[in-house]
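Trainee: Have a look; sequence and predicted model below, questions after that.
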2 protein chains.
Amino acid sequence: MARSDIPDIVIGRLPIYLRALTHLRQEGQEITSSHELGRQLGISSAQIRKDLSHFGEFGKQGTGYNIASLSAELQRILHVDREWKVALVGIGDLGRALANYGGFAHRGFRITHLFDRDPNKIGQIIGNLEILAVDGMRAVLRADRVEVAMITTPAGAAQAVADELVEAGVRAILNYAPIALSVPASVRVQYIDPVLHLQRMVYYLE
Amino acid sequence: MARSDIPDIVIGRLPIYLRALTHLRQEGQEITSSHELGRQLGISSAQIRKDLSHFGEFGKQGTGYNIASLSAELQRILHVDREWKVALVGIGDLGRALANYGGFAHRGFRITHLFDRDPNKIGQIIGNLEILAVDGMRAVLRADRVEVAMITTPAGAAQAVADELVEAGVRAILNYAPIALSVPASVRVQYIDPVLHLQRMVYYLE
DNA sequence: TAGATTGTTAATCGATTAACAATC
DNA sequence: TAGATTGTTAATCGATTAACAATC
């Protein structure tokens, strides 16, 4: 099946499967089944098998899936069998937390560039990275072929930053600013806004 | 239509509508239409009208929607026309960032409790809140009737924290630890894992 | 072999969209 | 009135699930 024919919603679940497989592996398990995975994730086993079937046959009847090899397949499919450079724009509290976050390693990403526009922050070091001026961002990201970025600026600055990122050749943006971005169709955007998640839950309370 | 009959996916979009309305309002606009909202959000106008129709009739033919009153309706529907107390467990970099984040105010939430298990952190003040020992968490949250919590501990501690929160009467958990939690069906859980979002995007790159 | 689980088909279920009467 | 937009219906589209032959 052609890559573009596969539903977005299926792609959205693959990283969840990959994460669950990684945990099982860390616990020393070598084999799993669609039923076990489904039970852990609250997803039907049929759905897991169907999702995987878009990409090939990875299991063995009567046995299930080899965790190591299914993980490798999913990493390859998702393009996280490499390390993507990631730019982080807006080094406030959240930006600092992400810059120090250990969870990117071994999952396909490494933060390689930090940008801010505050002259007091420019030149500071976080981890082993220097905070750079957002003014020169476009040239730097182009030169270093950075295609993935995260925006952790205030809402008011986010659209301008996104425009710059697009100009710099960035094609995937994870936006923490609580605002919908307008970008060309060729650029992917995902959003993280904790308040949206909280609001979705308290609807069901009371 | 009964509250429980409304699809989760519809509930999931209401906070997005509310956020967009808030922005329009901040720009001084008083009226909008399903077409304008849809254009901004990349959602069809029919879907917006259908979603809203689950809850009542909020628009005026030929005119559209009054932004202030539709916002008020959505706040009421989502139960964010009040201020929910929120406990934050795990005061690392991310916990600190969330504790200092200004984005909760006026959107239905206020962080009222901070917990950590590190004796060096307990007693520290962030903003106007003291970091409390996670040992006493259950009693404190019960006494203060806290029903919403965010987990920002390492993955290894998250399930135990979730169990404690459930015991304390918490019914909505936003989990930043990269692990699927197991909780009773009556407790809502949402997840934030930036790596999942990044993985969903780079699938489409190359 | 007996038991278990896959991959796939067909049926079911649910969500989205197009279209339009109603009406401001 | 003429133009615009809602709320709703029916049709379309797409996703999930149940079931099972294949087979390890």
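Mentor: That came in fine, so what should we check first?
Trainee: pull the longest helix from chain A.
Mentor: Looking across chain A with DSSP state H, the single longest helix is helix A:8-26.
Trainee: quick one: contacts of the longest strand seen in chain A?
Mentor: As assigned by DSSP state E, the longest strand anywhere in chain A is strand A:109-116. Applying Cβ atoms under 8 Å, 6 or more residues apart in numbering or on different chains, the contact partners of strand A:109-116 are A:80, A:83-91, A:95, A:98-99, A:104, A:122, A:126, A:129-134, A:137, A:140-141, A:144, A:146, A:148, B:195, B:198. No exception for glycine: its C-beta is placed from N, CA and C like everyone else's.
Trainee: could you pull out the strands for chain A?
Mentor: For chain A, the strands defined by DSSP E occupy A:31-32, A:59-60, A:64-66, A:84-89, A:109-116, A:125-126, A:129-133, A:148-151, A:172-175, A:188-191.
Trainee: want to throw those strands into TSV with distance to DNA strand D and mean pLDDT?
Mentor: TSV is the format used below for the strands of chain A (distance: least, Cβ to the nearest atom of the strand, whole Å; pLDDT from 0 to 100):
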stretch	distance to DNA strand D	mean pLDDT
strand A:31-32	12	98
strand A:59-60	5	97
strand A:64-66	10	98
strand A:84-89	26	98
strand A:109-116	26	98
strand A:125-126	39	98
strand A:129-133	39	98
strand A:148-151	25	98
strand A:172-175	21	98
strand A:188-191	17	96
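Trainee: what's the most buried one of these?
Mentor: Neighbour counts (mean count of other Cβ atoms under 10 Å in any protein chain shown) averaged over each of the strands of chain A peak at strand A:148-151, with a mean of 26.
Trainee: Is it positioned near chain B?
Mentor: Yes. Residues of strand A:148-151 are located near chain B by Cβ under 8 Å from any Cβ of the partner chain, namely A:148, A:150.
Trainee: now for that strand, which elements pack on it?
Mentor: strand A:84-89, helix A:155-167, strand A:172-175, helix B:194-202 (3 or more Cβ pairs under 8 Å, 6 or more residues apart in numbering or on different chains; DSSP states H and E).
Trainee: what residue lies at the spatial centre of chain A?
Mentor: A:Leu174 (7.4 Å; Cα atoms, centre = their mean).
Trainee: thinking again about what came up before, possible to save the helices and strands packed on strand A:148-151 as JSON lines with distance to DNA strand C?
Mentor: Listed next are the helices and strands packed on strand A:148-151 as JSON lines, based on distance: least, Cβ to the nearest atom of the strand, whole Å:
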{"stretch": "strand A:84-89", "distance to DNA strand C": "28"}
{"stretch": "helix A:155-167", "distance to DNA strand C": "24"}
{"stretch": "strand A:172-175", "distance to DNA strand C": "21"}
{"stretch": "helix B:194-202", "distance to DNA strand C": "17"}
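Trainee: of all those, which lies closest to B:Gly169?
Mentor: Closest approach to B:Gly169 among these is made by helix B:194-202 (29.0 Å; Cβ to Cβ).
Trainee: The closest one near DNA strand D anywhere?
Mentor: No. Residues of helix B:194-202 are not located near DNA strand D by Cβ under 7 Å from any atom of the strand, the shortest gap being 14.3 Å.
Trainee: what about that helix and chain A, touching?
Mentor: Yes. Judged by Cβ under 8 Å from any Cβ, helix B:194-202 comes into contact with chain A through B:194-202.
Trainee: Now the two most distant members of those.
Mentor: The most widely separated members of the residues of helix B:194-202 next to chain A, counting by Cβ to Cβ, are B:Pro194 and B:Val202 (12.6 Å).
Trainee: quick one on the thing from earlier: may I see the strands of chain A organised as CSV, with distance to A:Arg13 added?
Mentor: Below are the strands of chain A laid out as CSV (distance: least, Cβ to Cβ, whole Å):
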stretch, distance to A:Arg13
strand A:31-32, 16
strand A:59-60, 16
strand A:64-66, 15
strand A:84-89, 20
strand A:109-116, 19
strand A:125-126, 33
strand A:129-133, 33
strand A:148-151, 21
strand A:172-175, 18
strand A:188-191, 15
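Trainee: looking at the ones you listed, which is closest to B:Ile179?
Mentor: strand A:31-32 (16.1 Å).
Trainee: Spell out which residues of chain A are next to DNA strand C.
Mentor: Applying Cβ under 7 Å from any atom of the strand, we find that chain A lies next to DNA strand C at A:33-35, A:45-46, A:49-50, A:52-53, A:57-65.
Trainee: Now, of those residues, which are buried?
Mentor: A:33-34, A:49, A:52, A:58-59, A:64-65 (16 or more other Cβ atoms under 10 Å in any protein chain shown).
Trainee: Which one of those is nearest to A:Ala155?
Mentor: A:Leu52 (38.8 Å).
Trainee: Now do the contacts for that closest one.
Mentor: By Cβ under 8 Å, 6+ apart, A:Leu52 lies in contact with A:17, A:58-59, A:70.
Trainee: try it again with 10 Å
Mentor: By Cβ atoms under 10 Å, 6 or more residues apart in numbering or on different chains, A:Leu52 lies in contact with A:10, A:13-14, A:17, A:34, A:37, A:58-59, A:65, A:70, A:73-74, A:77.
Trainee: is it possible to export the residues you listed to JSON lines including distance to B:Leu114?
Mentor: Below are the contacts of A:Leu52 laid out as JSON lines (distance: Cβ to Cβ, whole Å):
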{"residue": "A:Val10", "distance to B:Leu114": "39"}
{"residue": "A:Arg13", "distance to B:Leu114": "34"}
{"residue": "A:Leu14", "distance to B:Leu114": "35"}
{"residue": "A:Tyr17", "distance to B:Leu114": "34"}
{"residue": "A:Ser34", "distance to B:Leu114": "40"}
{"residue": "A:Leu37", "distance to B:Leu114": "35"}
{"residue": "A:Phe58", "distance to B:Leu114": "44"}
{"residue": "A:Gly59", "distance to B:Leu114": "45"}
{"residue": "A:Tyr65", "distance to B:Leu114": "41"}
{"residue": "A:Leu70", "distance to B:Leu114": "40"}
{"residue": "A:Glu73", "distance to B:Leu114": "42"}
{"residue": "A:Leu74", "distance to B:Leu114": "37"}
{"residue": "A:Ile77", "distance to B:Leu114": "40"}
